[in-house]
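Colleague: One predicted model, sequence on top.
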Amino acid sequence: MSSWFKRKEKGIQTATEEKKDTPRGLWYKSPTGKIVESEELAKNHYVSPEDDYHVRIGSKEYFQILFDDNKFTEMDAGLSSKDPLKFEDTKKYKDRLKEAEKKTGLKDAVRTAYGKSMGRDLVIACMDFSFIGGSMGSVVGEKIARAIDKAIEKKVPFVMISKSGGARMMEAALSLMQLAKTSAKLAQLAEAGLPYISLCTDPTTGGTTASYAMLGDINIAEPGALIGFAGPRVVKEATGKELPEGFQTAEFVLEHGFLDFIVHRRELKKKINLYLDLVLNQPVRVEEVPEE
């Protein structure tokens, strides 16, 4: 065999067990194929700078964005789901709960907190899709109800950030009862004369859309968010019609009158406070927030 095919000098090599791959999470690839450094993505509110794609984020990131200096008091942090129906599918519900808690570090699919945003006292409830698809069970409904009670007690506005696949099937009717429960609490909030802003993020579907997500005094959404009750396939089968392009995107929903505004995540804090100033008939204070 020719020496061309023989490597006589190994030179500097690294043993296989010592080779290191690029650390996971260092880069992010958006659906349009744009590559961005994870650090840059975080600095840009988790929005891809080249194509403006809004990456899915959870309560941790939204609290960082909305609360002043990321300071807040979390409420009902220890509340967790049980398995009253002894639901069994391919995997027992109680095992799925344990697995989701271990994987995410969360107790359930929503976190609630009280703090200041642009100096204004505010109660925020934010869903986490990473916990069983952001599904709405008894704990989600109870935590949202308690958060609304806190807003009424403190006489402050309430903001709900939805990100959910819908009702949690493992809790059956108990899950569906949360639609009525949270809607009734929001009626109490309205009776107290306190504003409610609903932010729909990707995705906002099912029972979440059928209840609190669409009951805001002002309903807003992030660009490109999927918003709807049933999925496109189910709607198509039920209607027997081809669906229009962009069906159930935030832009489509806005065009057809189910949303008030679409808000870029970079403007989220300023816009929410602007809307609250307008609803409360207070002087507009958005100029107090420095440009980023």
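Modeller: Yep, that arrived.

Colleague: Report the rounded mean pLDDT for stretch 181-189.
Modeller: For stretch 181-189, the mean pLDDT works out to 98.

Colleague: Tell me where the stretch 101-250 of the chain has helices.
Modeller: Using DSSP state H, counting those that start in this stretch, the helices of the stretch 101-250 of the chain run over 138-154, 172-191, 232-239, 250-255.

Colleague: who wins for proximity to Ser130 among these?
Modeller: helix 138-154 (13.7 Å; Cβ to Cβ). (Each C-beta comes from the backbone N, C-alpha and C, glycine too.)

Colleague: and that closest one, what does it pack onto?
Modeller: strand 72-75, strand 110-117, strand 120-127, strand 158-164, helix 172-191 (3 or more Cβ pairs under 8 Å, 6 or more residues apart in numbering; DSSP states H and E).

Colleague: Could you give the separation of it from the chain centroid?
Modeller: Centre-to-centre, helix 138-154 and its host chain are 17 Å apart (Cα atoms, centre = their mean, to the nearest Å).

Colleague: just the angle between it and strand 110-117, please?
Modeller: 20 degrees (axes from the mean of the first three to the mean of the last three Cα atoms, to 10 degrees).

Colleague: So what touches helix 138-154?
Modeller: Residues outside helix 138-154 that contact it (Cβ atoms under 8 Å, 6 or more residues apart in numbering) are 75-76, 79-82, 107-112, 114, 121, 123-125, 127, 157-158, 160, 168, 171, 174-175, 177-178, 181-182, 185-186, 188-189, 192, 194, 212.

Colleague: Name the residues of that helix that come out as buried.
Modeller: 138-148, 150-152 (16 or more other Cβ atoms under 10 Å).

Colleague: same thing with stretch 266-279?
Modeller: Those would be 268-277, for stretch 266-279 by 16+ other Cβ under 10 Å.

Colleague: I'd like to know which of the residues you listed are part of helices.
Modeller: 268-277 (DSSP state H).

Colleague: most neighbours per residue, which of the helices and strands packed on helix 138-154?
Modeller: Mean neighbour count, computed with mean count of other Cβ atoms under 10 Å, is highest for strand 158-164 among these, reaching a mean of 27.

Colleague: Quick check: can you name the pairing partners of that one and their directions?
Modeller: Paired neighbours of strand 158-164 in the sheet (DSSP bridges): strand 120-127 (parallel), strand 196-204 (parallel).

Colleague: Val284 versus Gly134, what's the distance?
Modeller: As judged by Cβ to Cβ, to the nearest Å, Gly134 and Val284 stand 33 Å apart.

Colleague: And Ala172, how far from Asp128?
Modeller: 22 Å.
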